[in-house]
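[1] Generate a structure from the sequence data that follows.
(one chain, ligands or ions: 2)
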Amino acid sequence: PHKRVTKICCIGAGYVGGPTCAVIAYKCPHITVTIVDLNQARIDAWNSDELPIYEPGLDEVVKAVRGKNLFFSTDVDTAIKEADLIFVSVNTPTKKSGVGKGFAADLGYVESATRHIAKVAVSDKIVVEKSTVPCRTAQSMRKILDSNGKPGARFDILSNPEFLAEGTAIRDLFAPDRVLIGSLDTANGRAAAASLADVYGNWVPRKQVITMNLWSSELSKLAANALLAQRISSINALSAICEATGADVDEVSYAVGLDSRIGPKFLKASVGFGGSCFQKDILNLVYLSESLHLPDVAEYWRQVVEMNESQKRRFTQHIISSLFNTLTGKRLAVLGFAFKKDTGDTRESAAITLIKYFRQEQAKIAIYDPKVEESQIWYDLAEPGVVDDVTALKKQVTITSSAYEAAEGADAVVICTEWDEFRDTKLDYEKIYATMNKPAFIFDGRLILNQKKLEKIGFKVECIGRSR
Ligand code: NAD
Ligand code: UGA
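    Residues are numbered from 1 along each chain as shown. Ligands and ions are numbered 1, 2, ... in the order given. From the prediction side, this is the model:
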């Protein structure tokens, strides 16, 4: 017999904790869900009309259940005390200093959340690792809980990695390909897994809720991200061959994707992948491989990140050589700053790196993104630690409120994010052409434009993965 969960606490009200637990509350009216965070401003935003993250469909879900069975709070102690099950959904960034700097995951937030649970809990808890963590982190959590917990409080630890993608989080959570639950293969471990499986069972078909051992579950999350990112680096590596040979990368992806063993998804060539997780999780895997004395394995995965960096450099080089080998004083209209469409998230966005390169070439840059806040763009572009870099930045960079304004007087338009509103069926490219310097260039880093149509208007169009 396993426990029926009626109260859930989620520690960490971020991109994962917020949407994931809001959907649990929405799908399970009999469960009370409290999402807690140390960041008061973030919790205030979750309790307001302006949610702290933009995600299609999220507003509706939150508004339907907030105040009924979904609560946002900074009272971490009470939420832990009352819960049967606690998700740990805190950030696990790449370490910035010390051993494993630049590769290993910083598990400081996971540890402090775990210690918090041990300190406060007075009854049995199921503790669920939702954050993406290195293999065997559950073991460390267990040691912390067992050596600090109060007598009478027993802890079962589960791994339940999250596979949602930003921009489609609600869709992914409503209909996940699978839900993964890792547990110890003991009676208590299996019972805890069954309790969590029941929660998902309220809307996810049972055969898609899979259980396995803890370490497989932890590693599967890193493996999934590594394999997805590897496909993008593979197609980007092929895009370079296409540009040099006259093959068209979209045609190549289409042709190979029809092979049912390969499949069509995640084969879109681009300026390079961004987002908070792909690079971080692969570097984590590289570090894990190195710690396990597997240098060849580490090197293999490191190349996925290296190819991604190379793609951004190559794209920049292509822009410089097309613009007659100098960007000095030229105006570049950068369309899109988010790391993908339908999100305001800019973490590791390719646009940040590209703009850094353009600045080094003394270009003038005008940026437009439909969802990213202006303050976020300044924050991302300023060099950390450089006093008053923003003043220098503002001499070179402007942020505009439309694509038209960004393109005014520009020598080139550079598509960095695949927002639907940048498509040639949505934007009036004739109007854009009229206001640009000639020859007017477009660099399509996302392959969203109809090259022939734009060439007819007069543009010089350069696309990733197509020969010049
Ligand atoms: P985030 O930075 O948006 O949110 C984490 C939150 O945890 C922050 O608001 C922070 O204030 C809070 N926090 C940290 N320590 C705390 C503590 N001790 N007590 C209370 N609150 C605390 O991060 P995120 O994007 O939601 O990612 C969380 C985890 O999920 C990471 O491990 C990430 O790798 C993983 N993940 C992210 C995504 C994604 O799409 N962003 C998808 C799958 C998995
Ligand atoms: C990714 C995974 O898809 C999720 O399953 C995972 O849960 C998540 O990481 C995570 O662990 O954080 P996310 O980064 O939100 O999700 O978005 P993706 O759709 O995977 O896109 C990542 C980057 O790759 C974006 O910059 C996107 O533009 C780029 N991309 C994606 C391509 O360049 N080509 C493609 O074919 C697909």
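
[2] Correct me if wrong: Phe103 contacts Val286.
    Yes - if you go by Cβ atoms under 8 Å, Phe103 and Val286 touch, sitting 5.7 Å apart. Yep, even glycine has a C-beta here, placed from its N, CA and C like the rest.

[3] out of those two, which sits in the more crowded spot?
    Val286 (24 against 21; other Cβ atoms under 10 Å).

[4] Any figure for the gap between that one and Ala104?
    From Val286 across to Ala104, the span is 9 Å (Cβ to Cβ, to the nearest Å).

[5] can you point me to the longest helix in the chain?
    Longest helix of the chain, by residue count under DSSP state H: helix 214-245.

[6] That one and ligand 1 in contact?
    No - Helix 214-245 does not reach ligand 1 (Cβ under 6 Å from any ligand atom); its nearest approach is 7.4 Å.

[7] Please apply the same query to stretch 145-159.
    No - on the criterion Cβ under 6 Å from any ligand atom, stretch 145-159 is out of touch with ligand 1, staying 12.0 Å away.

[8] mind checking the backbone torsions on the residue of the chain found nearest ligand 1?
    Per Cβ to the nearest ligand atom, Gly14 is where the chain lies closest to ligand 1, at 1.9 Å. Here is the backbone geometry of Gly14 (degrees, to the nearest 10): phi -100, psi -150.

[9] Equivalent analysis for Val127, please.
    With angles defined as degrees, to the nearest 10, Val127 sits at phi -110, psi 120.

[10] need the contact list for it.
    The contact partners of Val127, taken as Cβ atoms under 8 Å, 6 or more residues apart in numbering, are Leu85, Ile86, Val88, Thr114, Ile117, Met141, Leu145, Phe155, Asp156, Ile157, Leu158.

[11] If we use 10 Å, what do you get?
    9, 11, 80, 83, 85-88, 113-114, 117-118, 121, 138, 141-142, 145, 155-158, 192 (Cβ atoms under 10 Å, 6 or more residues apart in numbering).

[12] what bits of the stretch 351-468 of the chain have low per-residue confidence?
    The stretch 351-468 of the chain contains residues with pLDDT under 70 at 387, 468.

[13] and if you look at the chain?
    In the chain, residues with pLDDT under 70: 387, 468.

[14] ok, now with 90
    Scanning the chain for pLDDT under 90 picks out 1, 135, 152, 383-392, 467-468.

[15] who's in contact with the nearest residue to Pro56 once chain neighbours are set aside?
    Closest residue to Pro56 in three dimensions, ignoring its sequence neighbours and counting by Cβ to Cβ, 6 or more residues apart in numbering: Asp342, at 5.8 Å. By Cβ under 10 Å, 6+ apart, the residues touching Asp342 are 54-56, 165-169, 370-371, 417-420.

[16] What of Asp250?
    Ile235, Ser239, Cys242, Leu267, Lys268, Ala269, Leu447, Cys463, Ile464, Gly465, Arg466.

[17] let's go with 7 Å and repeat that
    Leu447, Gly465 (Cβ atoms under 7 Å, 6 or more residues apart in numbering).

[18] give me the element it is part of.
    When elements are assigned from DSSP states H and E, Asp250 belongs to helix 249-257.

[19] Give me the helices and strands touching the helix or strand just after that helix, please.
    Note on helix 249-257: by DSSP H and E, the next helix or strand toward the C-terminus is helix 278-291. Where contact means 3 or more Cβ pairs under 7 Å, 6 or more residues apart in numbering; DSSP states H and E, helix 278-291 is packed against helix 214-245, helix 295-322.
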